[in-house]
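Visitor: sequence-free structure coming up:
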């Protein structure tokens, strides 16, 4: 790293402005030229700037520290959460006291990944901004990680198009450089997930199969099962129901071997949905109930989607008695304000299976539809707008019925154009 790059890097890393660093030493404009490698300063000036930053003039490489950081990052991708958090303060201390600027840049990147792992989005945003500010001095390897982690940041923020663009940028660096196979698989899996969120089934299948081939070759059974679930979802969206079922069954075999209740819960929920759209209601409900049993073990909030799906299945079969029974079960499991989405789902179907009053109309119009619009959950905007349209039609309020039918159709278009 050139001396100007090092000075700028450590200044930004320490949250110092150019004014802070230059004060009493040189002018801000001269510091700017030094940082941009447009002027070679005297040794006296370099010494004073380095002293103020607490660094040495000569960069000292520490390959052992870089190896430790890479091992920690590998844990972040697929390791033990407790061990990851235990090692963080140690990695931070070693990096901050190191004289190796390269290792410190890697730590900053992996610290960003750590914040994303813990969903500390405010800290992640600050790290991301700081890293983008110095990205012009990055090697291709460093730019790869920055692009990949930027993709993950936007994925968590549910900005899937932006996430996909960053992941593609990372892929373009990956294909012209050498990375370990587990890293390659992780990027392809991330591209598969993002393609799935964008409803790009063929892209999802392509990327997920690339990831799956590597995971299988390296005996990563958990990720292999997750890939099979992702493939099942894409096959189902492509109306390849037999292939979807085969993927889910393969995933279930792996999850059984791993004794992983959480993965089995997701598999049975997806099997339930697969059978539901084929009109196999009894079989669908059976798998939704299995999903609930598995998720109750360690992830009770994941029972909500299956409970909701059972409610919808009974409603569509005009079995309001069992439908209301499951609505009540759903309300029993809701425990905090964060469960607003499923509160709206359960309450809507309670109205639908009991009494559709003017209060129900206001609830849909003022609460439910705006909530799902704000969260860009266009499927539910479409579903509940159609329900409200039918409600108005039964009341002979055709203008309002037409309006909400348009809202529903527009929401469906947004899904297909994502």
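Guide: That came through, no problem. Here the structure is a predicted model, which is why all the values come from computation and not from measurement.
Visitor: buried sites along the one helix or strand residue 89 maps to?
Guide: Using DSSP states H and E, residue 89 sits within helix 81-96. Going by neighbour count (16 or more other C-beta atoms under 10 Å), the buried part of helix 81-96 is 84, 87-88, 91, 94-95. In short, each C-beta sits where N, CA and C put it, glycine included.
Visitor: From those, pick the one nearest residue 372.
Guide: residue 84 (34.6 Å; C-beta to C-beta).
Visitor: what's the residue most central in space within the chain in contact with, if anything?
Guide: The centre of the chain sits closest to residue 156, judged by C-alpha atoms, centre = their mean, with a distance of 3.4 Å. Neighbour list for residue 156: 116, 119, 121 [criterion: C-beta atoms under 8 Å, 6 or more residues apart in numbering].
Visitor: which among those end up buried?
Guide: Among these, the ones that count as buried by 16+ other C-beta under 10 Å are residue 116.
Visitor: Adding pLDDT, distance to residue 138 and secondary structure, write the contacts of residue 156 out as TSV.
Guide: Shown next, in TSV, are those (pLDDT from 0 to 100; distance: C-beta to C-beta, whole Å; DSSP: H, G, I helix; E, B strand; the rest coil):
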residue	pLDDT	distance to residue 138	secondary structure
116	96	19	helix
119	94	25	coil
121	96	23	helix
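Visitor: from the contacts of residue 156, which is closest to residue 63?
Guide: Using C-beta to C-beta, the contacts of residue 156 come closest to residue 63 at residue 116, 26.4 Å.
Visitor: From residue 317, how far out is that closest one?
Guide: 42 Å (C-beta to C-beta, to the nearest Å).
Visitor: likewise residue 170?
Guide: Residue 170 is 46 Å from residue 317, by C-beta to C-beta.
Visitor: Dihedrals phi and psi, residue 372?
Guide: phi -70, psi -30 (degrees, to the nearest 10).
Visitor: what comes up buried for stretch 140-147?
Guide: In stretch 140-147, counting by 16+ other C-beta under 10 Å, buried: 142, 144-147.
Visitor: now the helices for the stretch 101-250 of the chain?
Guide: Taking DSSP state H, counting those that start in this stretch, the helices of the stretch 101-250 of the chain run over residues 101-117, 121-133, 140-156, 160-174, 181-197, 201-217, 221-237, 241-258.
Visitor: Dump these into a markdown table; add distance to residue 293 as well.
Guide: Shown next, in a markdown table, are the helices of the stretch 101-250 of the chain (distance: least, C-beta to C-beta, whole Å):
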| stretch | distance to residue 293 |
| --- | --- |
| helix 101-117 | 29 |
| helix 121-133 | 33 |
| helix 140-156 | 29 |
| helix 160-174 | 31 |
| helix 181-197 | 26 |
| helix 201-217 | 27 |
| helix 221-237 | 18 |
| helix 241-258 | 14 |
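Visitor: do you know how far the residue of the chain positioned farthest from its centre is from residue 25?
Guide: The outermost residue of the chain relative to its centre, with distances by C-alpha atoms, centre = their mean, is residue 44 at 48.7 Å. Look at residue 44 and residue 25: by C-beta to C-beta, they are 10 Å apart.
Visitor: mind giving me the domain split of this structure?
Guide: With domains defined by automatic domain parsing, the chain comprises 3-53, 61-179, 186-259, 274-354, 361-418.
Visitor: Quick one: distance of the longest one to the chain centre.
Guide: Domain 61-179 sits 15 Å away from the centroid of its parent chain (C-alpha atoms, centre = their mean, to the nearest Å).
Visitor: Would you mind measuring from the residue nearest to the centre of the chain to residue 133?
Guide: Here residue 156 is placed at a distance of 21 Å from residue 133 (C-beta to C-beta).
Visitor: was I right about residue 190 contacting residue 152?
Guide: Yes - here residue 190 reaches residue 152: they are 6.8 Å apart, a contact under C-beta atoms under 8 Å.
Visitor: Need the residues touching each of those two.
Guide: Counting by C-beta under 8 Å, 6+ apart, nothing touches both residue 190 and residue 152.
Visitor: Residue ranges in this structure under the pLDDT threshold?
Guide: Within the chain, the ranges that satisfy pLDDT under 70 run 1, 57-61, 336-338, 416-418.
Visitor: one step back: compare the helices of the stretch 101-250 of the chain and report which one is nearest to residue 408.
Guide: helix 221-237 (19.8 Å).
Visitor: Tell me what angle that closest one forms with helix 241-258.
Guide: 160 degrees (axes from the mean of the first three to the mean of the last three C-alpha atoms, to 10 degrees).
Visitor: Can we start the residue count at 25 from this point?
Guide: Let's use 25 as the start, then, which means that last one is helix 245-261.
Visitor: Pull out the buried residues from helix 245-261.
Guide: For helix 245-261, by 16+ other C-beta under 10 Å, it's 245, 247-260.
Visitor: of the residues you listed, closest to residue 426?
Guide: If you rank those by distance to residue 426 using C-beta to C-beta, residue 260 comes first, at 32.4 Å.
Visitor: Compute the number of surrounding residues for the closest residue to the closest one other than its chain neighbours.
Guide: Spatial nearest neighbour of residue 260, excluding adjacent residues (C-beta to C-beta, 6 or more residues apart in numbering): residue 268 at 4.1 Å. Residue 268 has 22 neighbours, counted by other C-beta atoms under 10 Å.
Visitor: does residue 268 really touch residue 301, like I thought?
Guide: No - contact between residue 268 and residue 301 fails when scored by C-beta under 8 Å: they sit 10.0 Å apart.
Visitor: Could you tell me which residues touch both of those two?
Guide: In contact with both residue 268 and residue 301: residue 260, using C-beta under 8 Å, 6+ apart.
Visitor: Quick check: the gap between residue 218 and residue 145.
Guide: For residue 218, the distance to residue 145 - C-beta to C-beta - is 18 Å.
Visitor: Residue 395 too?
Guide: 21 Å.
Visitor: same question, residue 60
Guide: Separation of residue 60 from residue 145 (C-beta to C-beta) stands at 32 Å.
Visitor: Tell me how far residue 355 lies from residue 161.
Guide: 56 Å.
Visitor: same check, this time on residue 94
Guide: Applying C-beta to C-beta to residue 94 and residue 161 gives a distance of 20 Å.
Visitor: Give me the more crowded residue out of the two.
Guide: Between residue 94 and residue 161, residue 161 has the larger neighbour count (other C-beta under 10 Å), namely 17 against 14.
Visitor: Pull the contacting residues for the more buried one.
Guide: 25-26, 29, 32-33.
Visitor: Give the buried subset of those residues as a PyMOL selection command.
Guide: Per 16+ other C-beta under 10 Å, the buried members of the contacts of residue 161 correspond to this PyMOL selection:
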select buried, resi 29+32+33
